[in-house]
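Novice: Predicted model follows, preceded by the sequence.
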Amino acid sequence: MNGHTLWLRARIIRAIRCFFWDRGFLEVETPLLIPANAPEEYINPISPLPWQLQTSPELCMKRLLCRGHKRLFQISHCWRAEERGQNHLSEFTMLEWYRADSDYNALIDDCQELLQHIAKACLVDSPVYHYNRAAIDPFAPWAKISVQEAFLRFSNTSVWSCLEKGIYEEILTEVIEPALTVFSMPVILTDYPAELAALSRLKPGQPELAERFELYLAGLELANGFSELNDAAEQRKRFEEANQLRIKDGRHALPLPERFLDELDAMPPSAGIAMGIDRLVMLAAGAESIDEVVAFTPEQL
Amino acid sequence: MYTVADLKKGLKITLDGDPYLVVAFDFVKPGKGQALYRTKMRNMINGTLLDRTYRSGETFESANLEDRQMEYLYKEGTHYTFMDQATYEQVVMEEETLGDAKNFLLENLKVDVMLFGEKAIGVSLPNFVNLRVTATEQWAKGDTSGNDSKPATVETGYVLRVPPFIEEGELIVIDTRNGEYSTRVKG
């Protein structure tokens, strides 16, 4: 990565901090080495035994919401085993923020303001993001499409039948995400099937859907946000189900985050979101690979 | 045995009984979803390209490839025969499989034969081979036509461009990587 991109990265991180400080968010730092992450079917933690490196700061951030904090953000490193590709690093930098007494709609508004703020502050000459030769204007009205509608419109299949046949990931990455590259504004893909949102609240009156959304720019997934589940019994059940699926798939079960589950019922209705800082820098720098926006890749160490 | 975590450019695996070289690879993982490993592979026998997507947990047989030094013996029709001088084991390769290498094969030349199990699937030549010119036009002294090369046929039947001063019966050095004339063997 060249010095120019390192400076751009630093300016973006400074702009993110200003953005949240100006809006009354408390910046926090929670431990990176923790006894248990949220067990998820397809996320594998790195374990310097007997604890694990965080795969996300989610659980500690929610415990701070339980203690009465209303607005929190954190920029921290996260680790996920065996994830390495053009847009993936096993160790990456994540921005997460949480709002008590809000749902996922408030986060979509935050995303819009944040991407506009960063474009204005860091991309002075041309406040647009770039990926795969496409230019994305954060000031244009954003597109919002439900996951069900996206599957019907772009792949002529129903998301439910894709899930049933076990081809959800293939259709999403080979058909839906490429179809999102034609949008010249950010796209919100929203209302995911409930089974794809282990920590989120279900949509009132539509229990087959979760209040979860993903933010895409030029087909690149940038952020994942949702209205948070704050029912400890239901959360424990979902963690246990994830572990059952892991065992069925020949992988070991993960320990449950007991302290988090003990406190979860005290969490007010909240919404939280995770945004990949490395990918945000990629979009700002017009980089083709995540390798271009970090000081060192694992292969360089 | 390899797992999807071993996949990378340059890996050689066996698929449906044929050896494949991974020529492109990407890891994709939609949010909260299962990881997919997208590969593009080249069949090392017939060169066809194949796109395959794998999921975590899938495994591959490694391609059991071996480079063995052998001597080129003779050609019969479109069959080329090589022999391992240590074991006297012989392998036969089709002209099509040899590709351009056939232009530089002179009896008794030592080459590296790539074996996939028992089957010979390619040869690596020395970078330079010496071959005798069997036919080329005489260079007219004082030719001012400006041509700085002329065609010449060497003993394998291969035709290439050589400098005007090369004569029939001369031994020349050819670069096997690009098939071009390199220099003249003195004496």
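Specialist: That came in fine, so what should we check first? Residues are numbered from 1 along each chain as shown, chains lettered A, B, ... in the order given.
Novice: Please make it C-alpha for all contacts and neighbour counts, starting now.
Specialist: Will do.
Novice: What count of nearby residues applies to residue 182?
Specialist: All of this refers to chain A. Using other C-alpha atoms under 10 Å in any protein chain shown, residue A:182 is surrounded by 14 other residues.
Novice: My question was about chain B, not that one.
Specialist: Applying other C-alpha under 10 Å, we find 16 residues neighbouring residue B:182.
Novice: Next up, identify which helix or strand it is on.
Specialist: strand B:180-184 (DSSP states H and E).
Novice: before we move on, what about residue A:61?
Specialist: Going by DSSP H and E, residue A:61 is in helix A:58-66.
Novice: Show me what that helix is in contact with.
Specialist: The contact list for helix A:58-66 (C-alpha atoms under 8 Å, 6 or more residues apart in numbering or on different chains) reads A:30, A:37-38, A:71-72, A:96, A:98, A:100, A:260, A:263-264, A:266-268.
Novice: list the buried ones in the worst-scoring helix or strand of chain B on mean pLDDT?
Specialist: Ranked by mean pLDDT, DSSP states H and E, the weakest helix or strand in chain B is helix B:95-98, scoring a mean of 87. Across helix B:95-98, burial judged by 16 or more other C-alpha atoms under 10 Å in any protein chain shown covers B:97-98.
Novice: Could you report the distance from the closest residue to chain B within chain A to residue A:289?
Specialist: Closest to chain B within chain A is residue A:85: 4.6 Å, counting by C-alpha to the nearest C-alpha. Residue A:85 is 8 Å from residue A:289, where distance means C-alpha to C-alpha, to the nearest Å.
Novice: same deal with residue A:19?
Specialist: As defined by C-alpha to C-alpha, residue A:19 lies at a distance of 26 Å from residue A:289.
Novice: what does stretch B:154-169 contact?
Specialist: Applying C-alpha under 8 Å, 6+ apart, the external contacts of stretch B:154-169 come out as B:103-106, B:131-139, B:147-153, B:179-181, B:184.
Novice: In strands, which of those fall?
Specialist: Among the contacts of stretch B:154-169, DSSP state E puts B:131-136, B:150-153, B:180-181, B:184 in strands.
Novice: Run a quick neighbour tally on the residue in chain B that chain A sits nearest to.
Specialist: In chain B, the residue that lies nearest chain A is residue B:27 (4.6 Å; C-alpha to the nearest C-alpha). Neighbour count of residue B:27, defined by other C-alpha under 10 Å: 23.
Novice: partners of it in the sheet?
Specialist: Following DSSP bridges, residue B:27 is listed with bridge partners residue B:37.
Novice: and if you look at residue A:88?
Specialist: residue A:85.
Novice: Hmm, it is touching residue A:288, no?
Specialist: No - using C-alpha atoms under 8 Å, residue A:88 makes no contact with residue A:288, being 12.0 Å away.
Novice: Sheet-wise, list the partners of the helix or strand that the helix holding residue A:61 is followed by with their directions.
Specialist: Downstream of helix A:58-66, the first helix or strand assigned by DSSP H and E is strand A:71-79. In the sheet, strand A:71-79 lines up against strand A:26-27 (parallel), strand A:91-100 (antiparallel) (DSSP bridges).
Novice: Secondary structure element for residue B:23, which one?
Specialist: strand B:18-28.
Novice: Take that strand, keep the C-alpha atoms, and write them as PDB.
Specialist: In PDB, the C-alpha atoms belonging to strand B:18-28 read as follows (Å, rounded to 0.1, in the frame of the first residue of the first chain):
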ATOM      1  CA  ASP B  18      -7.200 -35.800 -14.900                       C
ATOM      2  CA  PRO B  19      -4.500 -33.500 -13.500                       C
ATOM      3  CA  TYR B  20      -5.600 -29.800 -13.200                       C
ATOM      4  CA  LEU B  21      -3.600 -26.700 -12.500                       C
ATOM      5  CA  VAL B  22      -5.400 -23.900 -10.500                       C
ATOM      6  CA  VAL B  23      -4.900 -20.800 -12.600                       C
ATOM      7  CA  ALA B  24      -7.300 -18.400 -10.800                       C
ATOM      8  CA  PHE B  25      -8.800 -18.400  -7.300                       C
ATOM      9  CA  ASP B  26     -11.000 -16.200  -5.200                       C
ATOM     10  CA  PHE B  27     -12.600 -16.500  -1.800                       C
ATOM     11  CA  VAL B  28     -16.100 -15.100  -1.500                       C
END
